[in-house]
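Chemist: Would you be able to build a 3D model of this:
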Amino acid sequence: MDTDALTISGLNAFYGESHVLHDLSFSVKKGQVLGLLGRNGAGKTTCISAIMGLVKAKASRIDLFGQPIGGLSPESISLKGVGLVPQGRRIFPSLTVYENLTVAARKGYAENGAGWGLERVYATFPRLSERQQQLAGSLSGGEQQMLAICRALMTNPRLVLFDEPSEGLAPQIVAEVAEILKQLSESGLSIVLVEQNIKLALEIADEVIVLNTGYVAHAGNAASLRSDDRLVEQLLGIY
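Modeler: Numbering: from 1, shown residues only. This is a model prediction of the structure:
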């Protein structure tokens, strides 16, 4: 029996005295895309931050492929095979595209030699190849998002956390990002996707968790939720 890529049990998180996440429990199967949805302030980014060790989780267990990672530092969690594409991209603007990629590069958990290196990144994202000596801060928003995605891939992770990858992008670029996510999913990469673009998330995700003020309001199959406009409106208010 395959071990789940990510298992979370009883996740609680706080900002000071504010209890933000309340006993969250869910799992992500190997090669699955889990959409983590909810209105603004629902706790989605806090959940991503807790998984990554950026926010301290309490009274919880977080396992990556059966191994506990809760309580580890963000650096240790990254080395265990978790990649992060953060909200707002957070590329290094004063470094070139090439430098942004190579600073993150490591062998990681590439299987059968089919890992992510510069050659594969440039072949998959030719726009970055054309701009490899350009300062990252001078790239367009869409190019910066591609760079943020590739920087995470260069760590050769087993699980990637995407936090609002379509935020602030033009519709055409959003479509490109969606295609990238589909390709990564088809390659067998396990993904947690936080996304305000509900149609995009439901198109890509296999399963969804909907958060409401830090609680799980809904958990289920993405296709079932996609076909139920009334439930989507009830849970998320928009569609």
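Chemist: Now do the longest helix seen in the chain: which elements does it pack against?
Modeler: The helix that spans the most residues within the chain, counting by DSSP state H, is helix 171-186. Under the contact criterion of 3 or more C-beta pairs under 8 Å, 6 or more residues apart in numbering; DSSP states H and E, helix 171-186 touches helix 141-153, strand 190-194, helix 198-204. Heads up, the C-betas are built off the backbone N, CA and C, glycines and all.
Chemist: mind listing the helices for the protein?
Modeler: Using DSSP H, the helices of the chain run over 44-52, 74-80, 97-102, 118-124, 126-130, 141-153, 171-186, 198-204, 222-226, 229-236.
Chemist: picking that back up, return the most buried member of the helices and strands packed on helix 171-186.
Modeler: Ranked by mean neighbour count, the helices and strands packed on helix 171-186 are led by strand 190-194 with a mean of 25 (mean count of other C-beta atoms under 10 Å).
Chemist: Check the offset of stretch 185-195 from the chain's centre.
Modeler: Offset of stretch 185-195 from its chain centre (C-alpha atoms, centre = their mean, to the nearest Å): 7 Å.
Chemist: neighbouring contacts of it?
Modeler: If you take C-beta atoms under 8 Å, 6 or more residues apart in numbering as the criterion, stretch 185-195 is touched by 5-6, 28-37, 44-45, 47-48, 51, 87, 157-166, 181, 184, 201, 204-205.
Chemist: Check stretch 101-120 too.
Modeler: For stretch 101-120, using C-beta under 8 Å, 6+ apart, the contacting residues are 81, 92, 95, 98, 121, 128, 132, 147, 150-158.
Chemist: how about residue 197, what does it touch?
Modeler: Residue 197 sits next to 166, 174 when contact means C-beta under 8 Å, 6+ apart.
Chemist: Pop out the phi and psi values for it.
Modeler: In terms of degrees, to the nearest 10, the main-chain angles of residue 197 are phi -80, psi 90.
Chemist: quick one: pLDDT of it?
Modeler: Per-residue pLDDT puts residue 197 at 87.
Chemist: Return the distance of it relative to residue 216.
Modeler: From residue 197 over to residue 216 the distance is 21 Å, taken as C-beta to C-beta, to the nearest Å.
Chemist: What of residue 36?
Modeler: Taking C-beta to C-beta, one finds residue 36 at 10 Å from residue 216.
Chemist: swap in residue 175?
Modeler: Residue 175 is 30 Å from residue 216, by C-beta to C-beta.
Chemist: Comparing those two, which shows the higher neighbour count?
Modeler: Taking other C-beta atoms under 10 Å, residue 175 and residue 216 do not tie; residue 216 has more neighbours (17 against 13).
Chemist: Which parts of this structure belong to which domain?
Modeler: Per the record, the chain has its domains at 1-81+158-239, 91-156, by automatic domain parsing.
Chemist: so how far is residue 98 from residue 141?
Modeler: Residue 141 sits 20 Å away from residue 98, taking C-beta to C-beta as the criterion.
Chemist: for residue 188, that is, sorry about that
Modeler: Residue 188 sits 27 Å away from residue 98, taking C-beta to C-beta as the criterion.
Chemist: who's more crowded, these two?
Modeler: Neighbour count, other C-beta under 10 Å: between residue 188 and residue 98, residue 98 has more, with 17 against 12.
Chemist: In contact with the more buried one, which residues?
Modeler: Residue 98 makes contact with 118, 132, 133 under the criterion C-beta under 8 Å, 6+ apart.
Chemist: Quick one: mean pLDDT for stretch 161-177?
Modeler: For stretch 161-177, mean pLDDT is 88.
Chemist: per-residue pLDDT, the closest residue to residue 226 other than its chain neighbours?
Modeler: Spatial nearest neighbour of residue 226, excluding adjacent residues (C-beta to C-beta, 6 or more residues apart in numbering): residue 202 at 4.2 Å. With respect to pLDDT, residue 202 scores 91.
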